[in-house]
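Visitor: structure for the following, please:
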Amino acid sequence: MGAREREMEKGLVSIDRWGDGSQAYFLTHLHTDHTSGLSSKWSRGTLFCSATSAELLSTKFPDFDLSLIRVLEVGVTQLVLLRSPSSGSEVRLLVTPIDAHHCPGAVMYLFRGEFGCVLHTGDFRWEIMNERAVMAKKTFMDALEGSKIDILYLDNTYCHPSFSFPTREVASQQVIDIINSNPDHEVIIGIDTLGKEDLLLHISQALGMKIWVWPERLKTMHLLKLNSNFTTNTSLTRVRAVPRYSLTHETLSSLNTFHPTIGILPSGLPWRSKFLEKTPAAVAAATNLNDKTPLTKLHQYAFSVQYSDHSCFSEIQEFIRTFRPSKAAGLVSSSSYCINPRYYFSHLYENHHIRDVSCKDFRSKLDRKFEYEQRDNFVCKREKLSSLGGRVGAIRKGKLGAKIAEGEESEHLIL
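Guide: As a prediction, this is how the structure comes out:
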């Protein structure tokens with residue numbers, strides 16, 4: 001099969017991108033940086049996602065047209081039938097959503113067809129000893145059926161040797177230890193609108209108390225069936241989870257004028273500059289990637305714990321070593337330091353013909369070329385509620401000419 005025949009034709013699939021020009025749109029998860037362009041009024045085509053994402057989508061986008069949603073069962077290979085924009089012939093697309101272990105509803109997508117085999121990780125954490133990652137690896141192997149991955153679109157957020165994280169289980173215990181060592185303090189934990197639920201549950205269960213969350217976050221917890229561990233009543237707990245952006249030096253200083261309070265930032269990000277003097281020299285020192293000394297206490301009132309929902313450098317390396325793609329492209333770009341997986345791991349690729357060059361040369365000479373040659377055809381995002389079950393099941397057969405044929409191995413969607 002020639003190289004041109006192994007490329008996915010432009011106009012078929014978009015992943016986490018919501019503009020015109022595709023027949024099928026795939027959502028990896030509902031974090032804001034992956035839903036830019038998606039709205040309650042969006043109606044450009046069929047949207048494929050996991051069941052959990054479908055549950056949450058209507059709360060993020062009220063009045064979203066649920067007839068556009070097609071729920072894909074995680075771990076199950078399904079056949080999606082599309083039409084070639086150029087010839088009108090049928091295109092058979094085998095899709096396997098795989099648990100990304102990132103946030104509720106997050107999945108990776110494995111695509112197979114005449115174009116070859118393409119894997120899009122979205123955002124993911126590859127803790128290989130974790131039970132969910134073990135199951136994900138088995139799902140991968142079963143779905144691949146001995147095939148190799150031709151193109152890997154990789155979450156390379158922390159693809160730099162300076163990033164080395166403990167497992168989330170270890171990091172969770174570190175958070176609990178900080179809380180227990182400050183028994184007379186109120187505790188503020190900075191989180192996003194989705195994600196870190198396992199951490200909060202671990203804290204709640206270990207301390208035997210509920211955790212305060214803001215009302216919108218409690219609604220999400222209800223949808224995830226986790227509401228028994230959370231409350232909006234501040235009198236019931238000394239531990240509060242707040243929007244991450246609101247946890248600052250100024251906030252903690254103000255809170256400490258009323259009651260002793262500590263803040264905890266669970267993240268792989270270098271948060272030090274947020275709590276230091278805002279001079280160029282201080283910020284540069286705080287974000288130095290060559291400083292591998294683990295920093296726990298950021299400030300008089302603030303602690304940082306490396307609880308990450310993205311894979312660190314060694315986990316990315318293990319992932320690539322396991323699946324040995326022919327080509328790979330990072331989903332995240334950075335001008336400040338090199339996180340290009342091909343710079344570090346090209347020797348692990350099935351066809352490792354790329355010569356060693358400087359990181360700067362690598363970005364300028366290869367990244368741009370690969371992006372335009374491959375990504376124009378396989379469009380994907382690059383960075384910088386009450387239950388829907390019955391309702392979606394009833395609606396999904398209705399519009400866009402979709403026909404669902406029940407089969408022993410997969411669900412056939414004719415779009």
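Visitor: for residue 147, which non-adjacent residue is spatially closest?
Guide: Leaving aside its sequence neighbours, residue 147 sits nearest to residue 117 (C-beta to C-beta, 6 or more residues apart in numbering; 5.1 Å). All C-beta spots, glycine's among them, are computed from the backbone N, C-alpha and C.
Visitor: just the element for that neighbour, please.
Guide: If you go by DSSP states H and E, residue 117 is part of strand 116-120.
Visitor: tell me how far whichever helix or strand comes after that strand lies from the chain's centre.
Guide: Going down the chain from strand 116-120, the next helix or strand is helix 131-144, by DSSP H and E. Helix 131-144 sits 17 Å away from the centroid of its parent chain (C-alpha atoms, centre = their mean, to the nearest Å).
Visitor: average pLDDT for helix 131-144?
Guide: The average pLDDT within helix 131-144 is 92.
Visitor: what does that helix contact?
Guide: 75, 77, 96, 98-101, 108, 110, 112, 117, 125-128, 322-323 (C-beta atoms under 8 Å, 6 or more residues apart in numbering).
Visitor: if you look at those, which of them are in strands?
Guide: Judged by DSSP state E, strands contain the following of those: 96, 98, 99, 108, 110, 112, 117.
Visitor: who wins on neighbours among these?
Guide: Neighbour counts for these (other C-beta atoms under 10 Å) peak at residue 108, which has 26 neighbours.
Visitor: related to what we said a few turns ago, any chance of the ones in strands among the contacts of helix 131-144 in CSV, plus pLDDT and distance to residue 159?
Guide: Output for those, formatted as CSV (pLDDT from 0 to 100; distance: C-beta to C-beta, whole Å):
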residue, pLDDT, distance to residue 159
96, 97, 24
98, 96, 20
99, 96, 21
108, 97, 16
110, 97, 20
112, 95, 25
117, 95, 22
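Visitor: quickly list the domain ranges of the chain.
Guide: 4-161+311-414, 168-305 (automatic domain parsing).
Visitor: so for the helix or strand containing residue 59, mean pLDDT?
Guide: Taking DSSP H and E as the criterion, residue 59 maps to helix 51-60. What helix 51-60 shows for mean pLDDT is 95.
Visitor: so that helix versus strand 107-113, what angle?
Guide: 120 degrees (axes from the mean of the first three to the mean of the last three C-alpha atoms, to 10 degrees).
Visitor: check the offset of the helix or strand following helix 51-60 from the chain's centre.
Guide: Scanning forward in sequence from helix 51-60 by DSSP H and E, the next helix or strand is strand 69-71. From the chain centre to the centre of strand 69-71 is a distance of 19 Å (C-alpha atoms, centre = their mean).
Visitor: partners of strand 69-71 in the sheet?
Guide: According to DSSP bridges, strand 69-71 has the following sheet partners: strand 46-49 (parallel).
Visitor: which residues of the stretch 201-350 of the chain score low on pLDDT?
Guide: Applying pLDDT under 70 to the stretch 201-350 of the chain picks out residues 270-296, 334-337, 350.
Visitor: can you give me the helices for it?
Guide: If DSSP state H, counting those that start in this stretch is used as the criterion, the helices of the stretch 201-350 of the chain fall at 215-223, 249-255, 280-286, 313-323, 341-345.
Visitor: which residues does whatever helix or strand residue 175 lives in contact?
Guide: Using DSSP H and E, residue 175 maps to helix 168-180. Under the contact criterion C-beta under 8 Å, 6+ apart, helix 168-180 has outside partners 125, 127, 130, 165-166, 187, 189, 198-199, 202-203, 206-207, 239, 262, 264, 266, 296, 303, 305-309.
Visitor: now the helix holding residue 59 and helix 215-223, what's the angle there?
Guide: 150 degrees.
Visitor: what sits up against helix 51-60?
Guide: Residues outside helix 51-60 that contact it (C-beta under 8 Å, 6+ apart): 27, 29-30, 35, 49, 64, 66, 69, 71, 73-74, 104-107, 194, 219-220, 223-224, 385, 387-389, 392.
Visitor: ok, residue 34 touching residue 121?
Guide: No: the criterion here is C-beta atoms under 8 Å, and residue 34 misses it with residue 121 at 11.9 Å.
Visitor: mark which of the contacts of helix 51-60 are buried, thanks.
Guide: 27, 29-30, 35, 49, 64, 66, 69, 71, 74, 104-107, 194, 220, 223, 388, 392 (16 or more other C-beta atoms under 10 Å).
Visitor: quick one, what contacts the most centrally placed residue in the chain?
Guide: By C-alpha atoms, centre = their mean, the chain has its centre lying nearest to residue 123, at 2.6 Å. Counting by C-beta under 8 Å, 6+ apart, residue 123 makes contact with 28, 29, 31, 34, 100, 102, 103, 106, 155, 157, 309, 310.
Visitor: would you agree the third one is in contact with residue 155?
Guide: Pointing back at residue 31 there. No: assessed by C-beta under 8 Å, residue 31 is found out of contact with residue 155, at 11.6 Å.
Visitor: of the two, which one has the most company?
Guide: Between residue 31 and residue 155, counted using other C-beta under 10 Å, residue 155 has the larger neighbour count: 27 against 19.
Visitor: wait, that one touches residue 121, no?
Guide: Yes: Residue 155 is in contact with residue 121 according to C-beta under 8 Å; the separation is 4.8 Å.
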